[in-house]
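Participant: Give me a 3D structure for the following:
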Amino acid sequence: MSDPAAPRLLLVTGLSGAGKSTVLKVLEDLGWEVVDNLPLALLDALIDAPVQRRAANRPIAVGIDSRSRGFKPALLVKRMKELREAGGRDMQTLFLDCAGAELERRFSETRRRHPMAEDRPAADGIAREREMMEPLRRWAEHVIDTTNYTSNDLQQEVRQRFGGGGDDAPVLNILSFGFARGLPRHADLVFDMRYLRNPHWDAALRPHTGLDPDVAAYIRTDPAYEATVAQIETLLLTLLPRYRAEGKSYVTIAFGCTGGRHRSVHVADRVARTLRAAGHEPTVTHRNLDSAPQDGLEGKPPPASPAPGGQT
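Facilitator: Prediction:
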């Protein structure tokens with residue numbers, strides 16, 4: 001019976017060029033501790049290392065292939081069998097397979113040579129490696145044939161098999177900013193709120209911010225406000241699950257107005273509340289909230305309304 005305190009261990013192996021690096025990168029993004037090309041002699045030391053409390057529930061992925069020092073598939077299978085029979089740890093193997101013709105194509109498109117055919121055609125190394133790796137392929141609980149997979153397909157497959165039930169949601173940040181003070185560098189989506197009524201030109205509202213009720217009420221009176229912001233919220237609620245499915249680790253949604261103190265702040269705050277109500281966990285950053293209001297940054301004030309009787 002496995003020790004519940006011991007982290008899960010996944011041995012990732014397979015044919016060179018079949019996608020091991022991609023798999024390990026996805027597992028790392030999913031929160032796994034990843035060790036690549038571990039010398040076989042150090043595998044026992046890794047398995048027997050005492051479990052740190054902070055990492056007790058963090059699974060481990062170990063990448064081993066024909067380039068690993070001391071690599072002998074039959075001996076590795078024998079050792080894995082011994083460890084499984086001894087119990088104490090949840091251990092599994094993922095083998096990445098691929099058709100020879102596709103592997104030849106992949107090696108031909110890169111400068112990388114096949115590790116078992118440094119001075120010969122790649123086909124020779126592929127055939128030799130396939131024969132050598134057969135014991136591991138038969139032993140593996142998980143086999144993924146990547147012949148017809150794009151890199152994205154393989155990432156999706158790994159996330160579905162080893163995603164761990166929902167811990168792979170992207171880190172979500174809602175940002176407000178002022179265009180006059182520069183665009184945010186790492187925003188994934190930018191929405192321009194400068195089409196809404198600008199509270200800056202109301203002397204009573206200018207010192208306040210989009211977090212204040214009087215400013216929020218002023219912005220909400222814009223005839224375009226409710227329909228457009230609601231559409232933005234609907235779009236985001238549609239996109240966020242897709243970003244998660246694609247494996248995106250971070251999503252930053254930025255709302256900009258001219259100075260970054262009123263319209264963008266209010267809309268960012270509203271959208272964040274909507275996303276939280278839908279089960280998301282965004283953090284909110286107001287980049288320019290504490291900046292001093294400046295007429296020169298805000299452009300021209302809106303034209304004055306005609307006085308009664310047509311007088312200006």
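
Participant: Let me know the helix or strand that Arg137 is in.
Facilitator: Element membership for Arg137, per DSSP states H and E: helix 122-139.

Participant: Okay, buried residues for that helix please.
Facilitator: Applying a neighbour-count criterion of 16 or more other C-beta atoms under 10 Å, the buried positions in helix 122-139 are Ala122, Gly125, Ile126, Glu129, Arg130, Met132, Met133, Pro135, Leu136, Arg137, Trp139. (Each C-beta comes from the backbone N, C-alpha and C, glycine too.)

Participant: just the helices in the stretch 51-200 of the chain please.
Facilitator: 73-86, 100-108, 122-139, 151-162 (DSSP state H, counting those that start in this stretch).

Participant: tell me what the shortest one is packed against?
Facilitator: With contacts taken as 3 or more C-beta pairs under 8 Å, 6 or more residues apart in numbering; DSSP states H and E, helix 100-108 sits against helix 122-139.

Participant: before we move on, what about the third one?
Facilitator: Helix 122-139 sits against strand 9-14, helix 73-86, strand 91-97, helix 100-108, with contacts defined as 3+ C-beta pairs under 8 Å, 6+ apart.

Participant: if I pick the closest residue to Gly259 other than its chain neighbours, what's in contact with it?
Facilitator: Distances taken as C-beta to C-beta, 6 or more residues apart in numbering put Gly178 closest to Gly259, at 4.5 Å, once the chain neighbours are dropped. When contacts are counted by C-beta atoms under 8 Å, 6 or more residues apart in numbering, Gly178 touches Gly256, Cys257, Thr258, Gly259, Gly260, Arg261, Ser264, Arg287, Asn288, Ser291, Leu297.

Participant: that older thread, mean pLDDT and distance to Ser66 added to the helices of the stretch 51-200 of the chain, as JSON lines?
Facilitator: Putting these into JSON lines (pLDDT from 0 to 100; distance: least, C-beta to C-beta, whole Å) gives the following:
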{"stretch": "helix 73-86", "mean pLDDT": "79", "distance to Ser66": "9"}
{"stretch": "helix 100-108", "mean pLDDT": "90", "distance to Ser66": "13"}
{"stretch": "helix 122-139", "mean pLDDT": "89", "distance to Ser66": "5"}
{"stretch": "helix 151-162", "mean pLDDT": "82", "distance to Ser66": "20"}
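
Participant: and these as a markdown table, adding distance to Leu30?
Facilitator: Written out in a markdown table, the entries for the helices of the stretch 51-200 of the chain read as follows (distance: least, C-beta to C-beta, whole Å):
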| stretch | distance to Leu30 |
| --- | --- |
| helix 73-86 | 23 |
| helix 100-108 | 24 |
| helix 122-139 | 23 |
| helix 151-162 | 7 |
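
Participant: Now the phi/psi pair for Arg220, please.
Facilitator: As for Arg220, its main-chain torsions (degrees, to the nearest 10) stand at phi -70, psi -20.

Participant: still on that earlier bit, least trustworthy position among the contacts of Gly178, going by pLDDT?
Facilitator: Scanning the contacts of Gly178 for pLDDT, the smallest score is found at Leu297, 64.

Participant: Name the helix or strand of this structure that has the lowest mean pLDDT.
Facilitator: The helix or strand of the chain with the poorest confidence is helix 43-48; it has a mean of 70 (mean pLDDT, DSSP states H and E).

Participant: Which helix runs longest in this structure?
Facilitator: Under DSSP state H, the helix in the chain containing the largest number of residues is helix 225-245.

Participant: Pull the residues that contact the next helix or strand after it.
Facilitator: Heading C-terminal from helix 225-245, the first helix or strand you meet, by DSSP H and E, is strand 250-257. By C-beta under 8 Å, 6+ apart, the surrounding residues in contact with strand 250-257 are 170-179, 183-184, 186-194, 196, 198, 236, 240, 243, 263-265, 267-268, 271, 282.
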